[in-house]
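Colleague: Need coordinates for the following:
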Amino acid sequence: WISPFFTSPMKDFGYDVSDYCDVDPMFGTLGDFDALVARAHELGLRVMIDLVLSHTSDVHPWFMESRRDRLNARADWYVWADPKPDGTPPNNWLSVFGGSAWEWDGRREQYFLHNFLTSQPDLNLHHAPVQDALLDVARFWLKRGVDGFRLDTINFYFADKYLRDNPSLPKELRNNSIAPSVNPYNHQLHLFSKNQPENLEFLKRFRAVLTPYNAAAVGEVGDAQRGLEIMAEYTSGGDKVQMCYPFEMLQPTRLTAALMEDAFARMARAAPDAWPCWSYSNHDTMRHITRWNLGADAAKTYATLLVCLRGSLCLYQGEELGLPEAELTLDELRDPYGIQFWPEFKGRDGARTPMVWVTDNANGGFSAARPWLPVKAPHLPLSVAAQDRDAGSVLAHYRAALAFRRAHPVLRTGAMLDIRATGDVASFRRSGDEEIFCAVNLGEFTAEAVLPEGNWTRIGTELGSQAATGGRASLGPWGVCLAKRT
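Modeller: Next up, the predicted model:
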């Protein structure tokens, strides 16, 4: 999945698009992109690109025309609203990046909606020509050979037609959110500013565009309260997107056995055929090694758990090295979100520093030129070169875990049954052409896993799988038991 490379003023590093159908000169040309896709396909790799359909840059020609007056051909392409009689914004909606989600425009004497930066006006997908234009963008890239899309902020595509106020969110529910605690965005239940039912029909239209190309889409569901349920809505039925990733495993709170059990129970209630894309880290969150305070053994156990879960997996660059969050100073930041809330929230740049390939190079072998964010010294000893020949490294474990998943197709397509949390131990069965029992101790103390009735043979020794005696396995801190029914 390649982050946005479209023409952009780069106020939010490509997530503010000014031309959906061209490459920003800082990255190259359309010809360069075509060459990249062709080479990737030669290597057996598929390429997904990041489509930002909920908003554009304020210098996109669509918005520049829309803001000119209230009568032009694109007057309704963005979410515009009159002020209240006292001149204040039309409702109480807040921006994810802080402050009101409304910005005044003197030309139209109206406010426009921006769920993120003021320079990122929200498109009005209630207006059919906007949907048509966005679907044409998808077709443009599919014709160039892309294999699918990561859909940024997929649940933000539609806002409530009637612009109703969001209700407040009780204080006790504000701990886990898609925004840091210092952001007032956490004070609302975003009932009307996103997650609207009209999105389902648009996603069906989007899926119809993907189908002739055998392409896939993974959506980002940015919602802390109903993320799993929205993911289920968007991926069930086989007629919308193929997969979405919710934020349940991207939260500040460490994933425990109980939280895992609850997540799968909620998903099953919402839609049994829902298809999640699980991830622990990405470009919008603090790296999970730091966020959850994990050592190498714990990082390996979480990797083993990930490859055993039902759903698709998303690994973020450097995760396979066990990289911690990079500590950056204010003058090194590029992220406007971090600059806005510094120092209580340091933004997302600590997870966005370059991949470290080698140890004996100030930029980690990423580039001979100065990268856009610095490589920090603590990352260098964790480079690919440093871990490549170490059979006990985090990198070696990730390689073994992925090979284990490939060797057992039931882990990719089988049912996931008997999901249980027993203290710190999470356990379940994967059932299909074969049956595999998985138990992981997500704690720092020895615990016991009880296998289901029947004959079981230990597998996954390369992942540290423990043997069972008499149907029970004693799992040390971060211990794992993997067994196959015989």
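
Colleague: going forward, measure contacts and count neighbours with C-alpha atoms only.
Modeller: Will do.

Colleague: mind listing the helices in this protein by residue range?
Modeller: The residue ranges that make up the helices of the chain, judged by DSSP state H, are 30-42, 61-66, 128-143, 199-210, 227-235, 257-270, 288-291, 296-308, 336-341, 384-387, 394-407, 410-413.

Colleague: Lowest mean pLDDT across those, which one is that?
Modeller: When mean pLDDT is averaged over each of the helices of the chain, helix 336-341 scores lowest at a mean of 92.

Colleague: For that helix, which residues meet the burial criterion?
Modeller: Burial within helix 336-341, assessed by neighbour count using 16 or more other Cα atoms under 10 Å, is assigned to Pro336, Tyr337, Gly338, Ile339, Phe341.

Colleague: before we move on, what about stretch 136-143?
Modeller: Within stretch 136-143, the residues that count as buried by 16+ other Cα under 10 Å are Val137, Ala138, Arg139, Trp141, Leu142.

Colleague: dump the residue contacts of Gly148.
Modeller: With contact taken as Cα atoms under 8 Å, 6 or more residues apart in numbering, Gly148 is in contact with Val47, Met48, Ile49, Leu142, Leu210, Ala215, Ala216, Ala217.

Colleague: Lowest-scoring secondary structure element of this structure by mean pLDDT?
Modeller: Taking mean pLDDT, DSSP states H and E as the measure, the helix or strand of the chain with the lowest value is helix 336-341, at a mean of 92.

Colleague: Output it as CSV - backbone C-alpha positions only.
Modeller: The C-alpha coordinates for helix 336-341 follow below in CSV (Å, rounded to 0.1, in the frame of the first residue of the first chain):
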residue,chain,number,x,y,z
PRO,A,336,0.7,19.7,11.4
TYR,A,337,-1.3,17.6,13.8
GLY,A,338,1.7,17.2,16.2
ILE,A,339,2.7,20.8,15.8
GLN,A,340,-0.8,22.0,16.8
PHE,A,341,-0.9,20.0,20.0
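
Colleague: residues contacting His126?
Modeller: In this structure, His126 makes contact with Phe158, Lys161, judged by Cα under 8 Å, 6+ apart.

Colleague: I'd like the distance between the nearest residue in space to Ala296 that is not next to it in sequence and Leu463.
Modeller: Setting aside the residues directly before and after it, Ala296 is nearest to Val394 in space (Cα to Cα, 6 or more residues apart in numbering), at 6.6 Å. For Val394, the distance to Leu463 equals 11 Å [Cα to Cα, to the nearest Å].

Colleague: the more surrounded of these two?
Modeller: It is Val394, of Val394 and Leu463, that has more neighbours when counted by other Cα atoms under 10 Å, with 24 against 21.

Colleague: and the gap between that one and Thr353?
Modeller: Val394 is 19 Å from Thr353, where distance means Cα to Cα.

Colleague: my read: Glu327 touches Arg348, true?
Modeller: No. Using Cα atoms under 8 Å, Glu327 is not in contact with Arg348; the gap is 10.8 Å.

Colleague: More neighbours: these two, which one.
Modeller: Between Glu327 and Arg348, counting by other Cα under 10 Å, Arg348 is the more crowded of the two (23 against 16).

Colleague: all strands for the stretch 151-300 of the chain, in order.
Modeller: Under the criterion DSSP state E, counting those that start in this stretch, the stretch 151-300 of the chain carries strands at the ranges 216-220, 243-245, 277-278.

Colleague: Show me what the longest one is packed against.
Modeller: Other helices and strands packing on strand 216-220, by 3 or more Cα pairs under 8 Å, 6 or more residues apart in numbering; DSSP states H and E, are strand 148-151, strand 243-245.

Colleague: now the last one
Modeller: For strand 277-278, the helices and strands in contact under the criterion 3+ Cα pairs under 8 Å, 6+ apart are strand 243-245, strand 312-313.

Colleague: Then the second one?
Modeller: Counting contacts by 3+ Cα pairs under 8 Å, 6+ apart, strand 243-245 packs against strand 216-220, helix 227-235, strand 277-278.

Colleague: Which one of these lies nearest to Leu191?
Modeller: helix 227-235 (12.3 Å; Cα to Cα).

Colleague: which secondary structure elements does that closest one contact?
Modeller: In terms of contacts (3+ Cα pairs under 8 Å, 6+ apart), helix 227-235 is packed against helix 199-210, strand 243-245, helix 257-270.

Colleague: 7 Å instead, please
Modeller: Helix 227-235 sits against strand 243-245, helix 257-270, with contacts defined as 3 or more Cα pairs under 7 Å, 6 or more residues apart in numbering; DSSP states H and E.

Colleague: now the shortest one: how far from the chain's centre is it?
Modeller: Counting by Cα atoms, centre = their mean, to the nearest Å, strand 243-245 is centred 8 Å from the centre of its parent chain.

Colleague: thinking again about what came up before, tell me which of the helices of the chain is the most buried.
Modeller: helix 227-235 (a mean of 24; mean count of other Cα atoms under 10 Å).

Colleague: That one to helix 257-270, inter-axis angle?
Modeller: 40 degrees (axes from the mean of the first three to the mean of the last three Cα atoms, to 10 degrees).

Colleague: Extract the CA atoms of helix 227-235 and return them as PDB.
Modeller: Taking only C-alpha atoms (Å, rounded to 0.1, in the frame of the first residue of the first chain), the coordinates of helix 227-235 have been written out as PDB:
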ATOM      1  CA  GLY A 227     -15.500   0.900  14.500                       C
ATOM      2  CA  LEU A 228     -16.000  -2.900  14.400                       C
ATOM      3  CA  GLU A 229     -19.700  -2.600  13.700                       C
ATOM      4  CA  ILE A 230     -19.100  -0.100  10.800                       C
ATOM      5  CA  MET A 231     -16.400  -2.400   9.500                       C
ATOM      6  CA  ALA A 232     -18.900  -5.200   9.500                       C
ATOM      7  CA  GLU A 233     -21.500  -3.100   7.600                       C
ATOM      8  CA  TYR A 234     -19.000  -2.100   4.900                       C
ATOM      9  CA  THR A 235     -17.500  -5.600   4.300                       C
END
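
Colleague: Could you identify which of the helices and strands packed on strand 277-278 is most buried?
Modeller: Taking mean count of other Cα under 10 Å as the contact definition, the stretch among these with the greatest mean neighbour count is strand 243-245, which reaches a mean of 26.

Colleague: what mean pLDDT does that one have?
Modeller: Taken as a whole, strand 243-245 has an average pLDDT of 97.

Colleague: who touches that strand?
Modeller: Outside of strand 243-245, the residues that reach it under the criterion Cα atoms under 7 Å, 6 or more residues apart in numbering are Ala217, Val218, Gly219, Glu220, Val221, Met231, Thr235, Trp275, Pro276, Cys277, Trp278.

Colleague: hmm, try it at 10 Å
Modeller: Contacts with strand 243-245, where a contact means Cα atoms under 10 Å, 6 or more residues apart in numbering, come from 150-151, 154, 216-222, 227-228, 230-236, 274-279, 311-314.
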